[in-house]
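*Asks:* sharing a model prediction with you, sequence too.
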Amino acid sequence: MSSGPVEPAVQTPEVTTAEPAVQVRNVHRVFSTGRGTVTALEAANLTVAPGEFVSLIGPSGCGKSTLLRLIADLDEPTSGTIHVFGRTARQARREQAYGIAFQQAGLLPWRTVRANIELPLQLHGAAAATRRARAEELLDMVGLTEFADSFPDQLSGGMQQRVAIARSLAESPRLLLMDEPFGALDEMTRERMQNELVRICAETGAAVVFVTHSIPEAVFLSDRVFVMSARPGRIKDVLQMRLGAAGERGENLREEAAFYAAITAVRESLHGSEVAQLRGVETR
Ligand SMILES: Nc1ncnc2c1ncn2[C@@H]1O[C@H](COP(=O)(O)OP(=O)(O)OP(=O)(O)O)[C@@H](O)[C@H]1O
């Protein structure tokens, strides 16, 4: 594992033929409030390669959701540019270049599980048979085939979250934007969902930008972890996880020394000298 410096404000073009899944360049977001202004993001730079899994982690209010919302074109930067597969964030949203899953599953309670999963395809005019076939595939992928005709309130929180993930994958996006999708789940369900997400990513090759408060979650899922600092929100560190390809990352990883070492690295980056000092005290 290596901890790199914050990506420079102006990045040199990458030597790659594939367009980055996400490219955020020197993005600032300043909100005006009744009591003045809040700089939610300062000089954010982030490049996500196709198929790469990137987590954003940092203290409450450091701008994680703001950054995700900007990428999703649910908000606009005060300055700086954002591209998704080479398109502006606006074009990418129009072209539905990504799937979104946020903390609240956001399912429609009056539609069955199957109908919820089919919704994006229906909205874009896919034929009934095509929708049905895709929904079957996704239900199988998230292990909910036997609940296809249930309604969301008949499912547990974890199952609802799996439906939301299946829905976000309905149009086979090459990019998933996820804001604490497992935040409301109990620890066991959460770990199971993480295992499933890793498997799904390996199967579909989707790139992911994932917001979380959980260090082990970020470490388990990610190729790189972006550590943010509060006030004003900045990306202060980019940590490369080297814990194997998504397809090879299984339950056993959680017991491995490399996993704990990566957790410590992220902790130290998050807490800075405070933890380093504490560790110093402990060892003396
Ligand atoms: N619409 C808004 N108007 C004013 N201030 C806002 C708005 N949205 C976010 N902020 C402020 O911007 C900062 C970053 O908020 P954001 O929700 O991105 O943080 P976060 O890192 O996702 O926090 P959390 O981990 O608690 O979800 C906060 O200080 C927040 O109060």
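*Replies:* Received the coordinates, thanks.
*Asks:* for residue 75, see how far away residue 25 is.
*Replies:* 16 Å (CB to CB, to the nearest Å). Quick note: C-beta positions are derived from backbone N, CA and C, even for glycine.
*Asks:* no no, residue 160
*Replies:* 26 Å.
*Asks:* do the same with residue 255
*Replies:* The gap separating residue 255 from residue 75 is 40 Å, by CB to CB.
*Asks:* give me the more crowded residue out of those two.
*Replies:* Between residue 255 and residue 75, counted using other CB atoms under 10 Å, the more crowded position is residue 75 (16 against 8).
*Asks:* pLDDT score for the residue nearest to the more buried one when sequence neighbours are not counted?
*Replies:* Computed as CB to CB, 6 or more residues apart in numbering, the closest residue to residue 75 that is not its neighbour in sequence is residue 69, at 4.5 Å. For residue 69, the model assigns a pLDDT of 93.
*Asks:* could you identify the helix or strand that succeeds whichever strand or helix holds residue 69?
*Replies:* Using DSSP states H and E, residue 69 falls within helix 64-71. Downstream of helix 64-71, the next assigned helix or strand under DSSP H and E is strand 79-84.
*Asks:* that next one - which strands sit beside it in the sheet, and in what orientation?
*Replies:* In the sheet, strand 79-84 lines up against strand 22-33 (antiparallel), strand 87-88 (antiparallel) (DSSP bridges).
*Asks:* contacts for the last one?
*Replies:* Right, the one you point to is strand 87-88. Identification of contacts with strand 87-88 by CB atoms under 8 Å, 6 or more residues apart in numbering yields 81, 82, 95, 97.
*Asks:* and stretch 31-38, by the same measure?
*Replies:* By CB under 8 Å, 6+ apart, stretch 31-38 touches 30, 40.
*Asks:* buried set for that stretch?
*Replies:* If you call a residue buried by 16 or more other CB atoms under 10 Å, then stretch 31-38 has these buried ones: residue 38.
*Asks:* and if you look at stretch 225-244?
*Replies:* 225-229, 232-239, 241, 243.
*Asks:* what of stretch 174-187?
*Replies:* Going by neighbour count (16+ other CB under 10 Å), the buried part of stretch 174-187 is 174, 175, 176, 177, 178, 179, 180, 181, 182, 183, 185.
*Asks:* quick one, strands of the protein?
*Replies:* Under the criterion DSSP state E, the chain contains strands at 2-4, 22-33, 36-48, 53-57, 79-84, 87-88, 99-102, 175-179, 207-211, 224-229, 234-240.
*Asks:* what subset of the buried residues of stretch 225-244 is also close to the ligand?
*Replies:* Restricting the buried residues of stretch 225-244 to those near the ligand by CB under 6 Å from any ligand atom leaves residue 233.
*Asks:* closest to the ligand among the buried residues of stretch 225-244?
*Replies:* For the buried residues of stretch 225-244, the minimum distance to the ligand (CB to the nearest ligand atom) is 5.8 Å, reached by residue 233.
*Asks:* leaving out the residues flanking it, which one is nearest to the closest one?
*Replies:* Using CB to CB, 6+ apart and skipping the chain neighbours, the partner closest in space to residue 233 is residue 63 (2.8 Å).
*Asks:* which residues does the residue most central in space within the chain form a beta bridge with?
*Replies:* For the chain, the residue nearest the mean C-alpha position is residue 210 (1.5 Å; CA atoms, centre = their mean). Beta-bridge partners recorded for residue 210 (DSSP bridges): residue 55, residue 178.
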